[in-house]
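Asks: I'll drop the sequence and a predicted model, then ask my questions.
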Amino acid sequence: MAKKNNVVETTGESNENAIALRETDGLSQGQIIRKRFFRHKPAVASLIGLIFITIFVFSASGIHLGTDKAPITIPGWWQYTITDIPDTNFCATSVGCPNWQHPFGQDPIGRDYFALVMRGAEQSIMVMLIVGLIGGLFGTVIGAVSGYFRGWVDAVLMRFTDFIITIPSIIIGAVIGFKFGNLGVVALAVYLGLFSWTGLARLVRGEFLSLREREFVDAARVAGASNFRIIFKHILPNAMGVIIVSVTLMLAGAILLETALSYLGFGVQAPDVSLGSLISEYQDSFTVSPWLFYWPGILIIAIALCVNFIGDGLRDAFDPRQRRRITRKDLAKKAGE
Amino acid sequence: MTITNEVILKVENYNVEFWVDGVWYPAAIDMNYEVHAGEVLAIVGESGSGKSSSSMGLMSLLAANARTSGSVKVKGTEMLGANNNLLRKFRGKEVAYIFQEPMTALNPVYTVGFQIIETLRTHFNMGPADARARAIELLALVEIPNPELSVDKYPHQLSGGQRQRAMIAQSLACDPALLIADEPTTALDVTVQAEIIELMRNLKDKLNSAVLLITHDMGVVADLADRILVMKDGLTVEQGTADQIFHRPSHPYTQQLLAAVPKLGSNAERVLETGTSAQPVLKLENLVIEYPKRGRIPAFTAVKDFNLEIYPGEIVGLVGESGSGKTTVGRAAIGLIPAKSGSIQIVGKEIAGASPKELRGIRRNTGIVFQDPASSLNPRLPIGESIGEPIFLAGIAKGAELDHMVEELLAQVELPRSYRNRYPHELSGGQRQRVGIARALALTPDLLIADEPTSALDVSVQARFLELLLDLQGKLKFACLFISHDLAVVDILAHRIAVMQNGELVEQGTSSQILKNPQHPYTQKLLAAVPVPDPDLQRARREAKAAGK
């Protein structure tokens, strides 16, 4: 018995030593943030979920790029495409309810709904990623540069931002759609990205204006840091909370904007679909064929939730002050000791 | 002294605890004290000793994660566990607070008068015109110039000292029986501090209020307190009259606390070994610095025609009130603020008009320690990276070699190696300032600029910090421009002292010349305003001053 105790104690001690030794290894900002992010369980679960959804969706429907005239297509593993019209399956209450042949059911003209939803999700995920990337990048860089340098750089960039804000993006989008026809989802996403960065730029600029006066910026300058390094290494991590919250909202908004523009003829055109267009098209069939409404809705919710949780996890990881909240379980554990 | 027998505040078996991460942490343990009318009780201790939280807890003003127990009686009425109505009646009317930071304690969007009138009209049945008249009367009482005009001024239009006076006027609005002053002079300059202390003493005698003074400044305590209570880690260490505590402290902690207080003029003169024949490390000639005009605010000349030389291995103290331009000089010396005219030379190289690239080269020879360690360290960067950054950017080392150098620097400032992965908020103020020094010394500079590095620290932490700085200076032999408003601190460190007023250098000389035989009236005034941590000496000085008037 005593022997056993000894063994346990020595391993416990060596573990502690290992922890102490590891702690003295210098960790960079990036390493610490990564470690903190992976400790945030909902965020990691959401990241895995989003990756899974993306792979599943893209592999099921295949990859479709290019325009109508010059399509680049890699077929997916699902047996039907969005233009196939297989035999309609009848059931007791309605037409085209889900069965083994068509797990998500069929739409009123008999198209396989699984194929449609997968195709729609593919389009929407693509829009979200591209809008997030372009909008986030433009907004952050333009806001950071104008807030950091101030003076005429700020004046020029902010007037440019005002100019972009005044352009009615929906109308211009409709005109482009009318003039050039369907340019595909990538062109639409890029277009949306080019118009959605303005709010973010304003917010980032405000953060930078206040952060650049802090003494740690002077300290970095004295240490010999270049402007580029001060902006991206020193100030940007401090502005991360604002950026992440704003970008997550932007992504949610992008799905709706995409639907609106598609409706006006720019972007996703019938017979092609997106999650937004599926919902708006079938919102009246809720009482007779509710699956037409459920599946795209569930996917939008799942994607938006994943993005929000990942954003939350990133924000927490960048904020060193964030501590784990005390849960009732911790208290119970404490009381038990 | 007019100590009557009426007990205003009686505290018995009083405990304050905070719920943090699943554990109740005690902030004050089993406190017992009384305050009589017309008496000043000073609670002394380092930050974190529980002096502020215990006094906030008296009127249930603590955060939601705190709990109190025991008994607190104000004029015989139990305050702990009292309902909100009763508490509200007592707050402001019977018990008034004066806070540390007048800028944050006064609401910036209302006029000073509005805030006083609000207090008055909450507690008394008073018409607006009467309340306004009373507010003006109160402002006159606290000696604010032109009370009829000042009543309509916003807090930002008043100076720091005037703001603190307005704050006091507000707390006196209802003739409180007990005044709780939480570090009332910490944010103020010595000369302003002297005025506020004077004011508080006069008011206390005039109104016969009881005063609970919370401070870490032994000089202020010596000047005001009748009785003293020393706190450490929530425990009452010692309690007694001012005379007892200052002359016959019985507890070792009290003795240690008193020993840590820097005493002016008691230090041996520090003589520069290398002499002044070598090339100066920092040479400022006819330096003029102007903040350019912005909109309707005209250009402001912060530094006028400034001349100063610092030789290798020398520490020069730069002293002056806030707004005198001393920080501006320090920042200009390292090229953070451009000079309008004149020359700044570091080891013979001209900074004024240097290109950014040249500046980067010159800055390798310099380091700077900032005033507020909370703001000067990037909150999102682990401190190991903050310290290593100058070395990395200078291209001296990276990877494992850099790690090693960072560890050495941490050891040099007596911090454990394992701290390198911590974020600044996980360190105490003193530790953060050590990190600041480690970063400033990373490139073994010839010149260190220290901008009020100890103003945010406790006396005992300050004493340890100054020791460390002297020790490092002895080893590394860097020259140092030490900017401070605290003459006693400068006295410990400096070979020479320069005194600044309104952007001009009014006097400079060796430490003993300045401190023992000041020539300029401003220097004399500055020296006279420093409170001496000895009640008898302070009383004698006070009487001498009163007789001089």
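Replies: Perfect, I can see it now.

Asks: Now do the helices in the stretch 1-150 of chain A.
Replies: For the stretch 1-150 of chain A, applying DSSP state H, counting those that start in this stretch gives helices covering A:2-24, A:29-39, A:41-61, A:113-149.

Asks: Now mean pLDDT and mean neighbour count too, for the ones you listed, in CSV please.
Replies: Backbone N, C-alpha and C define where each C-beta goes, glycine included. Formatted as CSV, the helices of the stretch 1-150 of chain A follow (pLDDT from 0 to 100; neighbours: other Cβ atoms under 10 Å in any protein chain shown):
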stretch, mean pLDDT, mean neighbour count
helix A:2-24, 41, 10
helix A:29-39, 83, 15
helix A:41-61, 91, 16
helix A:113-149, 91, 23
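
Asks: closest to residue B:218 out of those?
Replies: helix A:2-24 (38.8 Å; Cβ to Cβ).

Asks: Tell me the spacing between the closest residue to residue A:62 other than its chain neighbours and residue A:268.
Replies: Take residue A:62 and drop its neighbours on the chain: the residue closest to it by Cβ to Cβ, 6 or more residues apart in numbering or on different chains is residue A:76, 3.5 Å away. For residue A:76, the distance to residue A:268 equals 18 Å [Cβ to Cβ, to the nearest Å].

Asks: Those two - which one has more neighbours?
Replies: Remark: of residue A:76 and residue A:268, residue A:268 carries more neighbours, 24 against 19, as counted by other Cβ atoms under 10 Å in any protein chain shown.

Asks: Pull the contacting residues for the more buried one.
Replies: Residue A:268 makes contacts with A:123, A:182, A:185, A:188, A:258, A:262, A:274, A:277, as judged by Cβ atoms under 8 Å, 6 or more residues apart in numbering or on different chains.

Asks: can you count the residues close to residue A:273?
Replies: 26.

Asks: would it count as being in a strand?
Replies: No: if the criterion is DSSP: H, G, I helix; E, B strand; the rest coil, then residue A:273 is coil and not within a strand.

Asks: correct me, but it touches residue A:120?
Replies: Yes: if you go by Cβ atoms under 8 Å, residue A:273 and residue A:120 touch, sitting 4.6 Å apart.

Asks: Close to chain B: what parts of the stretch 101-250 of chain A are there?
Replies: Contact residues (Cβ under 8 Å from any Cβ of the partner chain) of the stretch 101-250 of chain A with chain B: A:214-216, A:218-225, A:229, A:234, A:237-238, A:240.

Asks: okay, now the domains of chain B?
Replies: B:40-57+B:92-260, B:282-537 (automatic domain parsing).

Asks: Low-confidence regions, the chain specifically.
Replies: As the question left the chain open, I've gone with chain A. A:1-27, A:66-71, A:89-95, A:180-183, A:265, A:322-337 (pLDDT under 70).

Asks: Actually, chain B is the one I wanted.
Replies: B:1-5, B:21, B:102-103, B:187, B:265-277, B:548-549.

Asks: how distant is the helix or strand containing residue A:178 from the center of its chain?
Replies: Taking DSSP states H and E as the definition, one finds residue A:178 inside helix A:169-180. In terms of Cα atoms, centre = their mean, to the nearest Å, the gap separating the centre of helix A:169-180 from the centre of its chain is 26 Å.

Asks: before we move on, what about stretch B:442-462?
Replies: 14 Å.

Asks: now do stretch B:279-292
Replies: Distance, centroid of stretch B:279-292 to centroid of chain: 27 Å (Cα atoms, centre = their mean).

Asks: buried ones in it?
Replies: B:280, B:281, B:282, B:283, B:284, B:287, B:288, B:289, B:290 (16 or more other Cβ atoms under 10 Å in any protein chain shown).

Asks: could the contacts of residue A:268 go into JSON lines alongside secondary structure and distance to residue A:52?
Replies: Shown next, in JSON lines, are these (DSSP: H, G, I helix; E, B strand; the rest coil; distance: Cβ to Cβ, whole Å):
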{"residue": "A:123", "secondary structure": "helix", "distance to residue A:52": "18"}
{"residue": "A:182", "secondary structure": "coil", "distance to residue A:52": "30"}
{"residue": "A:185", "secondary structure": "helix", "distance to residue A:52": "21"}
{"residue": "A:188", "secondary structure": "helix", "distance to residue A:52": "25"}
{"residue": "A:258", "secondary structure": "helix", "distance to residue A:52": "23"}
{"residue": "A:262", "secondary structure": "helix", "distance to residue A:52": "26"}
{"residue": "A:274", "secondary structure": "coil", "distance to residue A:52": "20"}
{"residue": "A:277", "secondary structure": "helix", "distance to residue A:52": "24"}
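
Asks: didn't residue B:389 look like it was pressed against residue A:222?
Replies: No: counting by Cβ under 8 Å, residue B:389 does not reach residue A:222; the two are 10.1 Å apart.

Asks: out of the contacts of residue A:268, who's nearest residue B:522?
Replies: residue A:258 (69.7 Å).

Asks: and the gap between the closest residue to the closest one other than its chain neighbours and residue A:275?
Replies: Among residues not flanking residue A:258 along the chain, residue A:127 sits closest, at 4.7 Å (Cβ to Cβ, 6+ apart). Remark: distance between residue A:127 and residue A:275 (Cβ to Cβ) = 9 Å.
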